[in-house]
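J.: need a structure here:
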Amino acid sequence: MNLILFGCPFHPLPVCNCVKGKALQEDRERELAEKRARILRLYVDGLMDDELKQASFQNFEQRAGTENGLKIAKMFVEKFEEQDAGLYFFGPVGNGKSHLAASIHHQLLRRGYASVFLNVNLLFRRLKSTFGSNSQKTDFDYIRAAMNCEILTQAQRLF
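T.: The predicted structure is shown next:
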């Protein structure tokens, strides 16, 4: 291949597939790191109440019937790379669904994933604060970040 670069002939050296593959992988990893950084800047500590900011598998209070939920949540984190579906907790109020969801969120953040935790009520307040204000962030910024993260954890308390 003959190229002209700055008016001079340039003959690039052939590159083997292993070097090309490594360069492509590095590009993908850099793009993913940039995406994660953008998302995490917006949702610095997620949209969760103070109690859930401290949630972990270790401080989960097991109640009758919650043993499987804890086991499944831990397995979900351990095998996150292999997951092709999400996880949905349901049940009566006070069984620890939000706690387990926040624990998953914290674990995946520690492992470097762009995990976003949203409390719907707090999200609506945050979105409302962007209207007609001098906020640097728009409602669309929050929505786009939630749509582009690797895992979205949502908690909603019905009144």
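J.: rest of the way, CA atoms for contacts and neighbours
T.: Noted.
J.: just checking, what packs against the lengthiest helix in the chain?
T.: Scanning the chain for the longest helix, with DSSP state H as the assignment, gives helix 17-42. Applying 3 or more CA pairs under 8 Å, 6 or more residues apart in numbering; DSSP states H and E, one finds that helix 17-42 contacts strand 115-119, helix 139-148.
J.: can you list the ones you listed in TSV and add mean neighbour count and mean pLDDT?
T.: Listed next are those as TSV, based on neighbours: other CA atoms under 10 Å; pLDDT from 0 to 100:
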stretch	mean neighbour count	mean pLDDT
strand 115-119	24	81
helix 139-148	15	79
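J.: circling back to that earlier point, what angle do the longest helix of the chain and strand 115-119 make?
T.: Angle, helix 17-42 to strand 115-119, by axes from the mean of the first three to the mean of the last three CA atoms, to 10 degrees: 20 degrees.
J.: and helix 17-42, how far from the chain's centre?
T.: On the basis of CA atoms, centre = their mean, to the nearest Å, helix 17-42 is displaced by 15 Å from the centre of the chain it belongs to.
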